[in-house]
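> My questions concern the predicted model and sequence given below.
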Amino acid sequence: MAVSPKKTTKRRKRNRRSHHAISPIAYSKCVNCNAPVRSHNSCGECGHYGEKANRG
């Protein structure tokens, strides 16, 4: 037979969800133009990725 479900208390539910918080987006600066760039992405202003130029 199946075990009857028990009520999940607010405390137990909130403790379980304490790790679900959204962390802020980490930005770094482009080495070429100092614009804010997300990590592991090319710059939207000048197209550089690290030391490489990806645009024209």
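Good, I have the coordinates. Just so we're clear, the structure is a prediction, and the values are computed from it rather than from any experiment.

> any low-confidence regions in the protein?
Where the chain drops to pLDDT under 70, the residues are 1, 52, 55-56.

> need the strands for it, in chain order.
Ranges of strands in the chain, per DSSP state E, are 27-29, 36-38, 48-49, 52-53.

> Now Cys33: closest residue in space that isn't a chain neighbour?
Nearest in space to Cys33, with sequence neighbours left out and distances taken as CB to CB, 6 or more residues apart in numbering, is Cys46 at 4.6 Å. For the C-beta atoms, the positions are set from N, CA and C on the backbone; glycine is no exception.

> can you count the residues close to the one you found?
Close neighbours of Cys46, defined as other CB atoms under 10 Å, add up to 16.

> so how far is Lys10 from the residue most central in space within the chain?
Centroid-nearest residue in the chain: Ile25, 5.1 Å away (criterion: CA atoms, centre = their mean). For Ile25, the distance to Lys10 equals 30 Å [CB to CB, to the nearest Å].

> now the helices for this protein?
For the chain, applying DSSP state H gives helices covering 10-16.

> circling back to that earlier point, does the residue nearest to Cys33 touch Lys29 like I think?
No - look at Cys46 against Lys29 with CB atoms under 8 Å: they stay out of range, at 11.8 Å.

> Return every residue with contacts to both of the two.
Taking CB atoms under 8 Å, 6 or more residues apart in numbering as the criterion, Cys46 and Lys29 both touch Ala35.

> Can you report how many residues lie near the closest residue to the residue nearest to the centre of the chain other than its chain neighbours?
Using CB to CB, 6+ apart and skipping residues adjacent in sequence, the residue nearest Ile25 is Arg38, 6.5 Å away. Neighbour count for Arg38, taken as other CB under 10 Å: 12.
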